[in-house]
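Asker: fold the following, please.
(4 chains)
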Protein chains: 2
Amino acid sequence: MDLRHLRYFIAVAEEKNIGRAAARLHISQPPLTRQIQQLEAELGVSLFIRTPRGVELTEVGELFLAEARNIRSVVEQATERTQRAGQGKLGRLDIAIFGSAILDVIPKLLRAYKVMFPKVKIVLHTMNKGEQIEALQQRRISVGFNRILSPTPGITAELVTTEALLLAVNAAHPLASRDVVPFEALAGEPLVLFPTGVRPSFVDTVVALCQSAGFTPEVSQEVGDAVTAVALVAGGFGLCLVPQSATVLAFPGVVYRPLSDVPTPGRVDLSCIYRSDDQSPLLAGFLAEVRRFRAGLRT
Amino acid sequence: MDLRHLRYFIAVAEEKNIGRAAARLHISQPPLTRQIQQLEAELGVSLFIRTPRGVELTEVGELFLAEARNIRSVVEQATERTQRAGQGKLGRLDIAIFGSAILDVIPKLLRAYKVMFPKVKIVLHTMNKGEQIEALQQRRISVGFNRILSPTPGITAELVTTEALLLAVNAAHPLASRDVVPFEALAGEPLVLFPTGVRPSFVDTVVALCQSAGFTPEVSQEVGDAVTAVALVAGGFGLCLVPQSATVLAFPGVVYRPLSDVPTPGRVDLSCIYRSDDQSPLLAGFLAEVRRFRAGLRT
DNA sequence: CCATGAACATACCTTAAAGGTATTGCTCTG
DNA sequence: CAGAGCAATACCTTTAAGGTATGTTCATGG
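Answerer: All right, here's what the predicted structure looks like:
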């Protein structure tokens, strides 16, 4: 038995006439007669009573009609679900995030993704870079977001966005009175650095920039994340370099100032990382959305 | 897409190796490769990752494997149910019964039928002969049971069993003292006759027998059914001729005696009736059981 | 009562697609 | 580096689905 047999059977049962059903199926009448006979022979059952005006279903035929329609709908649903899944539109995507990226870029990106792939369940995990790589290798997550990258075999990184650096400074600090702060003005000032943890990280970027500008930063405090760092700035612990997206943190007493004369590159990247061999349509769909997002930023 | 594609896909998914799956399916490897490629192309989805050691399912493939197995089981159940129905082993059978047949033959027959066709739901209706014929013609029932028949167009009758006649007599009556009662002894005795209602019926058989024996019966009472008739015998209303199966009615004060010299045929039939054009497998199965039952009685 | 038309069945041919054989190409392994 | 194992490809064979022509049956109307 074949899905064709069922399609033909349903057509004949609905038309109550083999000739008309054949026309509807775009085949001629004799083959349809034969297919129905085959189906009956295979089931060992009489499905139709032949009358001079056409055919009508037997009781068994009525039963089988219900079964056939059921099979048809099960098959349709199965193919549809499979195709959705194949387009990355169905399933579950585990994503790891960390640090200041949580503040602005990730929410925007995920919102855009949700619009395109509404049936994908997104599960967010908070992990630092080392944890992300391990989780990727163990297939516990499919995507991670990070600012600083060192090439890792088997892991591909893809740039999501770059952001300018801003100075977060206490409103009472003399530098807060300036609209634009020259980078060299940071020399000798106590800095709050983040994050602690797996190196290299954003800390190293900031230190490298200072050294490019000809001075060694004075470290007031190292903390785990951007939010804590800005909170310490509000508490007067010193200055802090943050990615632009950190400005969503409106701590009282903290102002953000653009910097001038920042040594190259002067910006900080946000990248997403994933297994190089991951062929999942879910990942493909997500990466497509990441690229669309980045293209949208450029315009 | 085709059920064959699903069968092949399941085999490959289970073997994780196209060559072995082909052997299991009793085809060679290249056609199987092609069928899988077709399936993937039709779904627009990659189901397997080809490795040097075989193939393994993608995430989408895993999903589709579950779907395919589901479809397979739905199809299997559908064909099985249809075949059961085609053999008269599934469905509902409405049967009408009446009179003394209820007492013994019908329960035995239905019990035997239930063993062979356990999934058929039997619905019993109590109808007299006229009602049975009308209900058959209106397709409200499929089978009726009756003792006396007059040929009816479109209705076929089939003998189920014949039973000897016994005399039901009050234990205080002089005839109760005899082991065998000659039929002529009934002349002049008051008789309880049944059933009232549509003629011809068992009443007419009894009257005809009496006239064959050379006397006209003295009617003490006519009642609707055998149970009432025997109850009246217990109450001293007279004698009553009953089919053998009525002996299950063990009323106190009533004894059953065989008769001798009963005019031919001397027995009473029980037949079942059904629409001559009824091709339902349910009816066919039931009639097969009736014939088996009758053959069993003969031995 | 016969002719007609509508319907399904049958016979026979054509064509599309499933299956088979031989071979290639790619990896991993010893 | 050669061989084993596996999937893919090329090309042929065979099966079965589809098409055309015709037969058979039954109801209907003149």
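Asker: per-residue pLDDT, residue A:299?
Answerer: We have a pLDDT of 67 for residue A:299.
Asker: what residues are up against the residue of the stretch 151-299 of chain A found nearest DNA strand C?
Answerer: Proximity of the stretch 151-299 of chain A to DNA strand C (C-beta to the nearest atom of the strand) peaks at residue A:277, 11.1 Å away. Just so you know, the C-beta spots here come from the backbone N, C-alpha and C atoms, and that holds for glycine as well. Residues near residue A:277 by C-beta atoms under 8 Å, 6 or more residues apart in numbering or on different chains: residue A:154.
Asker: that's a helix at it, yeah?
Answerer: No - under the criterion used here (DSSP: H, G, I helix; E, B strand; the rest coil), residue A:277 is coil, not part of a helix.
Asker: torsion angles phi and psi at it?
Answerer: Backbone torsions for residue A:277, taken as degrees, to the nearest 10, come to phi -100, psi 10.
Asker: and the top helix by length along chain A with helix B:59-86, angle?
Answerer: With secondary structure taken from DSSP state H, chain A has its longest helix at helix A:59-86. Using axes from the mean of the first three to the mean of the last three C-alpha atoms, to 10 degrees, one finds that helix A:59-86 and helix B:59-86 are set 180 degrees apart in direction.
Asker: same for helix A:59-86, what does it pack against?
Answerer: If you count contacts as 3 or more C-beta pairs under 8 Å, 6 or more residues apart in numbering or on different chains; DSSP states H and E, helix A:59-86 packs onto helix A:3-15, helix B:29-43, helix B:59-86, helix B:281-298.
Asker: tell me if the longest one is near DNA strand D.
Answerer: No - using C-beta under 7 Å from any atom of the strand, helix B:59-86 stays clear of DNA strand D, coming no nearer than 13.1 Å.
Asker: quick check: mean pLDDT across that helix?
Answerer: Averaged across helix B:59-86, the pLDDT comes to 91.
Asker: try the second one
Answerer: Averaging pLDDT along helix B:29-43 gives 92.
Asker: which parts of that helix are buried?
Answerer: Buried residues in helix B:29-43, counting neighbours by 16 or more other C-beta atoms under 10 Å in any protein chain shown, are found at B:32, B:33, B:35, B:36, B:39, B:40, B:43.
Asker: list just the nearest of those to chain A.
Answerer: Of all the buried residues of helix B:29-43, residue B:43 has the smallest distance to chain A: 5.5 Å, by C-beta to the nearest C-beta.
Asker: cross-check the contact I'm expecting between that closest one and residue A:79.
Answerer: Yes - with contact defined as C-beta atoms under 8 Å, residue B:43 counts as touching residue A:79 (6.2 Å).
Asker: so what sits against both of those two?
Answerer: residue B:1.
Asker: among the helices and strands packed on helix A:59-86, which comes closest to DNA strand C?
Answerer: Once the helices and strands packed on helix A:59-86 are compared by C-beta to the nearest atom of the strand, helix B:29-43 is nearest, at 3.4 Å.
Asker: elements contacting the closest one?
Answerer: Identification of packing neighbours for helix B:29-43 by 3+ C-beta pairs under 8 Å, 6+ apart yields helix A:59-86, helix B:3-15, helix B:18-25.
Asker: using JSON lines, lay out those helices together with distance to DNA strand C and mean neighbour count.
Answerer: As requested, those are exported to JSON lines (distance: least, C-beta to the nearest atom of the strand, whole Å; neighbours: other C-beta atoms under 10 Å in any protein chain shown):
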{"stretch": "helix A:59-86", "distance to DNA strand C": "13", "mean neighbour count": "19"}
{"stretch": "helix B:3-15", "distance to DNA strand C": "6", "mean neighbour count": "20"}
{"stretch": "helix B:18-25", "distance to DNA strand C": "7", "mean neighbour count": "18"}
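Asker: re earlier: tell me the angle the longest helix of chain A makes with helix A:3-15.
Answerer: 130 degrees.
Asker: next SSE downstream of helix A:59-86?
Answerer: Sequence-wise, the next helix or strand downstream of helix A:59-86 (DSSP states H and E) is strand A:91-97.
Asker: then that next one to PDB, C-alphas only?
Answerer: Extracted as PDB, the C-alpha positions of strand A:91-97 are listed here (Å, rounded to 0.1, in the frame of the first residue of the first chain):
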ATOM      1  CA  GLY A  91      13.600  23.600  18.000                       C
ATOM      2  CA  ARG A  92      15.600  24.900  20.800                       C
ATOM      3  CA  LEU A  93      18.700  27.100  20.800                       C
ATOM      4  CA  ASP A  94      20.900  27.300  23.800                       C
ATOM      5  CA  ILE A  95      22.900  30.600  23.800                       C
ATOM      6  CA  ALA A  96      25.500  31.700  26.300                       C
ATOM      7  CA  ILE A  97      26.000  35.400  27.100                       C
END
